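**Student:** Generate a structure from the sequence data that follows.
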Amino acid sequence: GGSVALSDIVLSNNNKPISFWVKMVLRWMGIPSCNLWSVDDYRNKLQSMGYDGEDVTIQCIGEEVFKGWSFLPQWLLHHLDYALVVAKKPKSTNTNPQQRSTERKRVAIIGSGLAGLSSAYHLLQSKDAADIDVDIYEANDRPGLAGNTTLLG
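**Tutor:** Numbering: from 1, shown residues only. Model prediction:
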């Protein structure tokens, strides 16, 4: 068993098509519209990979994450949300349930940008935090978006 966790920007309006202007702004940000999924799209994709509804948890936390995103206009943020997606691997055939309950869960987060740090924070604030070890791996010298910062002057 085990879990796969990720965080991603998702579309907040599941049933409405993305407007031309939203697509253009996101493309300017480096996010092609083909990479934008709604929560339902994530569920359907994971279901096609063999995870049923009980194995998938999606928590939308955009309100918290987007608080500091003053560089993006509110009309754009209205179309987006930020989601933590967890898909549990199908359970193994372990016949000893006590062995499973005493094992600590190990989570590897790739990247210390907004998505990685936010995922680690929410995992460590969860009700299962005492049973989770979180490791964050970053290729740059500094965590967060600081590695992409350009100092002027």
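
**Student:** residues near R142, how many?
**Tutor:** Other residues lying near R142 total 11 when counted by other CB atoms under 10 Å. Every residue, glycine included, has its C-beta placed from N, CA and C.

**Student:** no no, A83
**Tutor:** 22.

**Student:** Provide a list of residues in contact with I109.
**Tutor:** Shown in contact with I109 (CB atoms under 8 Å, 6 or more residues apart in numbering): 5, 116, 119-120, 134-137.

**Student:** Those into a markdown table, with extra columns for neighbour count, distance to S48 and pLDDT?
**Tutor:** Below are these laid out as a markdown table (neighbours: other CB atoms under 10 Å; distance: CB to CB, whole Å; pLDDT from 0 to 100):
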| residue | neighbour count | distance to S48 | pLDDT |
| --- | --- | --- | --- |
| A5 | 18 | 19 | 72 |
| G116 | 20 | 26 | 81 |
| S119 | 23 | 23 | 84 |
| A120 | 19 | 28 | 86 |
| V134 | 17 | 29 | 87 |
| D135 | 10 | 29 | 86 |
| I136 | 15 | 29 | 85 |
| Y137 | 10 | 28 | 82 |
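
**Student:** Return the member of those nearest to M29.
**Tutor:** The shortest approach to M29 among the contacts of I109 belongs to G116, at 18.0 Å (CB to CB).
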